[in-house]
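Asks: Take this sequence and fold it.
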Amino acid sequence: MPWRKTNDPYRILVSEIMLQQTQVSRVTPKYESFLKRFPTVQKIATANTGDVLKLWQGLGYNRRALNLQKSAKIICEKFGGVVPDDLEKLDSLPGIGLATAGAISAYAWNKPTLFIETNIRRVFLHFFFNDADCKMVEDEVIFPFVERALDKKNPREWYYALMDYGAMLKATVPNPNRRSAHYTKQSKFTGSNREVRGKILKFLSETGKVSEKKLLEKIADERSLSNINAMIREGFLKRKGAIISI
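Replies: Residues are numbered from 1 along each chain as shown. Now for the predicted structure:
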């Protein structure tokens with residue numbers, strides 16, 4: 001995992017955003033190519049949004065790419081182009097949240113911050129909430145266990161080990177996360193609006209811009225127009241006359 005070989009806050013920020021809802025095996029090659037194209041906060045902040053989305057293709061949940069670029073712009077405008085090491089400032093950035101902010105803080109600056117994500121949650125549910133009556137366990141109940149176990153001298157390595165242990169458990173025991181109050185089963189991609197939106201972005205990434213009529217014909221889905229309009233409102237696409245582009 002190349003992001004474990006750096007303490008560069010920007011590179012860790014990129015990896016943590018990519019790893020939200022996406023498997024390590026899919027993130028690794030994208031992470032390398034993405035950083036080659038956008039090696040600094042300044043580069044991605046000033047990049048064409050279409051280029052950012054094009055390079056993001058294959059990771060899914062494309063809103064994360066928009067949020068990453070928005071965060072980079074805020075970092076340049078408000079924090080002098082330096083990723084802030086303050087938890088509240090990190091949490092204020094688009095698409096970050098306390099868990100991602102805590103992870104960035106621990107991995108970039110080796111701070112003993114407390115955070116819970118899928119693999120961490122799995123470990124503590126497996127060891128401390130494994131009884132039949134342990135259902136719908138809130139993260140607030142798990143946090144004290146994480147705090148007591150945390151290696152405050154080297155939280156970075158401790159969290160890496162914990163994440164690896166959680167990944168191992170996923171492959172060896174029935175999923176403990178089903179006992180979490182925060183557990184949700186990921187919806188199917190095939191046939192979903194996410195699939196339609198992905199096809200729209202992929203086609204426009206390849207063509208650059210195209211008429212709305214041709215785009216609708218290419219995607220050939222009754223939900224295409226409503227998704228195009230929504231993606232324009234959300235900042236993914238632009239419409240100039242009859243022409244649609246990223």
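Asks: Name the next helix or strand following the lowest-mean-pLDDT helix or strand in the chain along the chain.
Replies: Using mean pLDDT, DSSP states H and E, helix 193-207 stands out as the lowest-scoring helix or strand of the chain, at a mean of 85. Using DSSP states H and E, the helix or strand that follows helix 193-207 towards the C-terminus is strand 209-211.
Asks: and that following strand, what's its mean pLDDT?
Replies: When the per-residue pLDDT values of strand 209-211 are averaged, the result is 89.
Asks: Partner strands of it, with direction?
Replies: Based on DSSP bridges, the strands next to strand 209-211 in the sheet, each with its direction, are strand 243-245 (antiparallel).
Asks: How far does the partner strand sit from its chain's centre?
Replies: Going by Cα atoms, centre = their mean, to the nearest Å, the spacing between the C-alpha centre of strand 243-245 and its chain's C-alpha centre is 27 Å.
Asks: Show me the contact partners of that strand.
Replies: With contacts defined as Cβ atoms under 8 Å, 6 or more residues apart in numbering, strand 243-245 is touched by 50, 204, 208-212, 215, 228, 237-238. C-beta: built from backbone N, CA, C; applies to glycine.
Asks: Serialize those residues to TSV and add fields for neighbour count.
Replies: What follows is the contacts of strand 243-245, written out as TSV (neighbours: other Cβ atoms under 10 Å):
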residue	neighbour count
50	18
204	24
208	10
209	14
210	18
211	12
212	15
215	22
228	22
237	24
238	15
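Asks: what's around residue 141, how many residues?
Replies: By the criterion of other Cβ atoms under 10 Å, residue 141 has 15 neighbours.
Asks: which residue sits closest to it, ignoring its sequence neighbours?
Replies: residue 129 (7.9 Å; Cβ to Cβ, 6 or more residues apart in numbering).
Asks: Quick one: neighbours of the one you found, just the number.
Replies: 18.
Asks: wouldn't it be in contact with residue 177 here?
Replies: No: counting by Cβ atoms under 8 Å, residue 129 does not reach residue 177; the two are 10.6 Å apart.
Asks: Okay, domains of the protein per the record?
Replies: Structural domains of the chain, as assigned by automatic domain parsing, span the residue ranges 2-109, 118-179, 193-245.
Asks: For those, which has the smallest mean pLDDT value?
Replies: Confidence, taken as mean pLDDT, is least for domain 193-245 of those (a mean of 87).
Asks: Run the chain-centre distance for that one.
Replies: Distance of domain 193-245 from its chain centroid, counting by Cα atoms, centre = their mean, is 23 Å.
Asks: Can you measure across it, start residue to end residue?
Replies: The first and final residues of domain 193-245 sit 19 Å from each other (Cα to Cα, to the nearest Å).
Asks: Tell me which residues are up against the longest helix along the chain.
Replies: If each helix of the chain is counted by residues according to DSSP state H, the longest one is helix 155-172. Among residues not part of helix 155-172, those counted as contacts by Cβ under 8 Å, 6+ apart are 4, 7, 103, 106-107, 110-113, 117-123, 126, 150-151, 176.
Asks: switch to 6 Å and redo it
Replies: 106-107, 110, 112, 119-120, 122-123, 126, 151 (Cβ atoms under 6 Å, 6 or more residues apart in numbering).
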